[in-house]
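# need coordinates for the following:
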Amino acid sequence: MNIDIHTEHIAMRPEWQEIIEAWLEDCRRRHPDVQGIDLSLRHAEKGLSAEAVNVVALARGRSVRAGTRATSMSTALYAALDTLERELLLNEAIRPRLGARQ
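Next comes the predicted model:
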């Protein structure tokens, strides 16, 4: 699985890295069809929901996306990754593996 993490206007913190690594470990086990993850963490200069996370996964030939804003990056990360998990499950339900269609 290819993983690309980039940040904008914010430095990566160890606790965020731990959240991401734990989720990726579960993702590899639950969703072996995921070919890549692109994760963006961004801090805006203004606003109450200044922390933003956008994540895109390539799975079963489709881009699956999730994103959120929150007052803390940890909260934004958990919310975005939880949403992506639900989207991956939905993608698997509507796009079964080719080998399963026989």
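
# and for the spatially closest residue to Gln35 that is not a sequence neighbour, the neighbour number?
Nearest non-adjacent residue to Gln35, counting by C-beta to C-beta, 6 or more residues apart in numbering: Leu58, 4.6 Å away. Placement of C-beta: from N, CA and C, glycine included. Neighbourhood size, Leu58 [other C-beta atoms under 10 Å]: 16.

# ok, Leu58 - contacts?
If you count contacts by C-beta atoms under 8 Å, 6 or more residues apart in numbering, Leu58 has them with 34-37, 64.

# so in terms of bridging, what pairs with it?
Gly36, Ser63 (DSSP bridges).

# look up how far Met1 lies from it.
Separation of Leu58 from Met1 (C-beta to C-beta, to the nearest Å) stands at 9 Å.

# what is in contact with those two at once?
Taking C-beta under 8 Å, 6+ apart as the criterion, Leu58 and Met1 both touch 34-37.

# please identify which of those is nearest to Met12.
Distance to Met12, by C-beta to C-beta, is smallest for Ile37 among the shared contacts of Leu58 and Met1, at 15.2 Å.
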